[in-house]
Structure formats: C-alpha cells, structure tokens
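S.K.: got a predicted structure plus its sequence, pasted below:
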Amino acid sequence: MLVTSSRLIGTPILSIQAGGPIGYLAEPIIDPDNLKIIAFVADGPLVSKSANILDVTSIREYSSLGAVIDNIDELVSADDVIKIQKILTLNFKLPGLKVETKKGNKLGRIADYTVTDNDFVVQQIIVKRPLVKSFIDPELTISRKEIVEITDYKVIVKDEEKVLKSRAEKEDFVPNFVNPFRKSEQDYAPARTKTPADKDTE
C-alpha cells in the first residue's frame, strides 16, 4: 500500500515489550542513491536525544495503528550506523526540491511523496506547480520511473509531454469490476408508468 510522507510523520512507534507507544516517527532519512527511507528520527517523552534513530529494518510491521518494533532498544545513535550517519550529513530532503525536465522545463517543487509501507521505497513524487501553471494543473504526480537524475537542488525527470501522457493514461483507466456503491444509469432513470399493454403481457 502507498502512504504519503506527510502521513508517516507523527505515526506512533509501538513497542511489543512496553505494550504501547514509546514515541513517534518525526522525520524520515532518505538515501538519495535509491530513494528509499532507511531510517526515521524518533521523538517523544520516552525517546532519548542520544538514541533517537530507528532503522526501518527494525520495524516489524507498519499499519494505521503505528510502526511496531520489539522494544525501545531498537532506537540507536546516528553514530552507531555509519551509513545513516553519512546520509544525515548530506541533509537530503525531497520536499522543496525543484523538479525540471531534461530539456530544462520547470515543473514545480516537490510538496510530498509516497512510499510503499512494506519497504519504504519512494514510488511517486507529488509536485506543486508554479503559479502560472497551477490554474490548469495544481499538482503533478510523477512515478519514480520518470526520474532521470537527482542532485542536491533538483530532481530531473523525463520530458514534460511524457510525464503528462503517463498521467493521462492513469486517469483514463477504467476498473474492470462493478462498483456496488455507484448507481447505474438505469437506477437514475425515472420510473416508467405501466400501460395497459404492459398489463396484458404480464
């Protein structure tokens, strides 16, 4: 299932040993090389400032209830994990980065992004459009497959035409199942009054 980063922030961290919450997810730490959340900065009254990093491999399950871990000892210092320490020094954050095409067309800035809840890999970036273009299309949702390059200041994607075409194809998608909550056209049609001819055929 896809979940937005804004929804991740504030998610309770549930300890099996404690039998309840010990804190919450405060900030994701993203590896820019593969666009994956590798850890979270944790916060809360029971979380130590010197040991407030939660590696995603320690999360047994993520759901609407929270992120389940074994115990508070899963939280470590950033200095304890070299890879996490190196990425923290980069101070890499997706929200706010400019988004441009290979041709240099400015699409906007990243407002949010989605990840899969089982491995925390970024699947889509949600781009807030510039003021001029926002009247027509206030937001763009761009798949990670469209991303060509990531720098400290911007994300470069394929040509705008391809991005918009890909989005249009998704919007034109028609599900191959019957929605039981949606009334058919027949349900909306006014009831037809029976005629004498109808009664004769009954």
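M.R.: Structure's in. What do you need? Numbering: from 1, shown residues only.
S.K.: which residues are contacting stretch 110-123?
M.R.: Stretch 110-123 is contacted from outside by 1-6, 8, 28, 30, 34-38, 56, 62-63, 94-97, 99, 124-128, 139, 143-144, 155, using Cβ atoms under 8 Å, 6 or more residues apart in numbering. Heads up, the C-betas are built off the backbone N, CA and C, glycines and all.
S.K.: check which helix or strand the residue minimising distance to the centre of the chain maps to.
M.R.: Residue closest to the average C-alpha location in the chain (Cα atoms, centre = their mean): Thr114, at 1.4 Å. Element membership for Thr114 (DSSP states H and E) is strand 106-116.
S.K.: cool, and Lys86?
M.R.: Assessed by DSSP H and E, Lys86 sits inside helix 82-90.
S.K.: am I right that Asp73 sits in a helix?
M.R.: Yes - assessed by DSSP: H, G, I helix; E, B strand; the rest coil, Asp73 belongs to a helix.
S.K.: can you name every helix or strand that the helix or strand just after the helix holding Lys86 contacts?
M.R.: Sequence-wise, the next helix or strand downstream of helix 82-90 (DSSP H and E) is strand 98-101. Judged by 3 or more Cβ pairs under 8 Å, 6 or more residues apart in numbering; DSSP states H and E, strand 98-101 is in contact with strand 106-116, strand 154-157.
S.K.: compute the first-to-last residue distance for stretch 61-81.
M.R.: Stretch 61-81 has an end-to-end distance of 22 Å (Cα to Cα, to the nearest Å).
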